[in-house]
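Asks: sequence-free structure coming up:
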């Protein structure tokens with residue numbers, strides 16, 4: 001399913017595969033001034049192409065190469081004869097997505113994207129009426145970027161910001177890079193945040209600061225418990241409780257265990273790290 005909503009000069013497309021008539025795990029694409037930001041998953045491509053029939057698309061930008069953000073690339077490229085821009089590290093995934101094998105839950109939820117041709121993005125992208133700064137925001141993935149329009153204060157953040165208090169992490173995420181990227185985003189002082197989930201945040205600076213504080217506080221607590229000799233399993237149960245259902249249907253790919261592991265193993269300068277007083 002695809003739901004469209006106009007928000008000022010931005011059109012949002014909120015998409016999800018449906019099971020028995022129920023949408024599961026929404027993701028979003030955005031259109032602004034001829035620019036398409038992300039293109040959804042394989043199961044929503046046909047509906048997205050139909051939904052943009054009344055629009056002019058001049059270029060596509062992928063915030064990162066995950067399968068729920070890039071699967072409409074090929075169909076939109078064919079229809080509008082446009083280029084897809086992405087971080088250089090994303091290009092091999094776009095051109096040969098099946099070389100990067102998906103896990104069972106990923107195939108069920110989002111499916112395999114059709115290959116598309118990508119071009120390495122630079123530091124700035126301009127449309128007729130807007131100038132977007134390209135901000136590298138790794139952590140969720142190494143190839144993750146955000147788009148910032150400073151005059152409007154718009155920040156198209158992909159999955160660099162996910163709301164709530166994280167209790168689980170995907171195996172290949174890096175929590176410390178996520179925190180660093182959130183700080184970079186907060187330093188921009190955005191006025192409107194357009195995330196990959198479609199849940200738009202107005203005046204999002206407070207949300208970003210709260211998220212950073214929570215994640216840093218968890219890092220300090222984990223370090224302190226590790227220094228006391230606690231096992232990672234015991235730390236996870238103390239701070240995050242029992243594993244969430246997502247840990248089981250992803251077969252451990254997304255879990256509290258991975259969150260604790262990343263805090264410990266990915267911590268910069270871990271041998272010299274001191275918790276905040």
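Replies: Arrived safely. Here the structure is a predicted model, which means the values were calculated and not measured.
Asks: From here on, just use CA atoms for contacts and neighbour counts.
Replies: Noted.
Asks: so where's this protein shaky on pLDDT?
Replies: 270-277 (pLDDT under 70).
Asks: what domains does the record give for it?
Replies: Domain ranges of the chain: 2-216, 218-272, per automatic domain parsing.
Asks: Could you look over those domains and pick the most buried one?
Replies: Sort those by mean neighbour count, taking mean count of other CA atoms under 10 Å, and domain 2-216 sits at the top with a mean of 19.
Asks: next one: that one to chain centre, how far?
Replies: Its chain's average C-alpha position is 6 Å from that of domain 2-216, according to CA atoms, centre = their mean, to the nearest Å.
Asks: Could you work out the end-to-end span of it for me?
Replies: This stretch, domain 2-216, spans 36 Å end to end (CA to CA, to the nearest Å).
Asks: Over to stretch 111-118?
Replies: End-to-end distance for stretch 111-118, by CA to CA: 20 Å.
Asks: Now do the contacts for the spatially most central residue of the chain.
Replies: In the chain, the centroid-proximal residue (CA atoms, centre = their mean) is residue 159; its distance is 1.6 Å. Neighbouring residues of residue 159 by CA atoms under 8 Å, 6 or more residues apart in numbering: 140, 195, 196, 197.
Asks: Just send those residues back as JSON lines, with distance to residue 68 and secondary structure too.
Replies: Conversion of the contacts of residue 159 to JSON lines gives the following (distance: CA to CA, whole Å; DSSP: H, G, I helix; E, B strand; the rest coil):
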{"residue": "140", "distance to residue 68": "13", "secondary structure": "coil"}
{"residue": "195", "distance to residue 68": "13", "secondary structure": "strand"}
{"residue": "196", "distance to residue 68": "9", "secondary structure": "coil"}
{"residue": "197", "distance to residue 68": "10", "secondary structure": "coil"}
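Asks: Nearest to residue 152 among the residues you listed?
Replies: Nearest to residue 152, judged by CA to CA, of those is residue 195 at 15.9 Å.
Asks: quick one: that closest one and residue 159, what's the gap?
Replies: From residue 195 to residue 159 the distance is 6 Å (CA to CA).
Asks: Also residue 84?
Replies: Distance, residue 84 to residue 159, using CA to CA: 18 Å.
Asks: try residue 166
Replies: As for residue 166, its distance to residue 159 is 13 Å (criterion: CA to CA).
Asks: What is the helix or strand where residue 146 lies packed up against?
Replies: If you go by DSSP states H and E, residue 146 is part of strand 145-149. In terms of contacts (3 or more CA pairs under 8 Å, 6 or more residues apart in numbering; DSSP states H and E), strand 145-149 is packed against strand 131-136, strand 154-158.
Asks: residues in contact with the first one?
Replies: For strand 131-136, the external contacting residues (CA under 8 Å, 6+ apart) are 122-126, 143-150, 181.
Asks: May I have the strands that pair with that strand, each with its orientation?
Replies: Counting by DSSP bridges, the strands paired with strand 131-136 are strand 124-126 (antiparallel), strand 145-149 (antiparallel).
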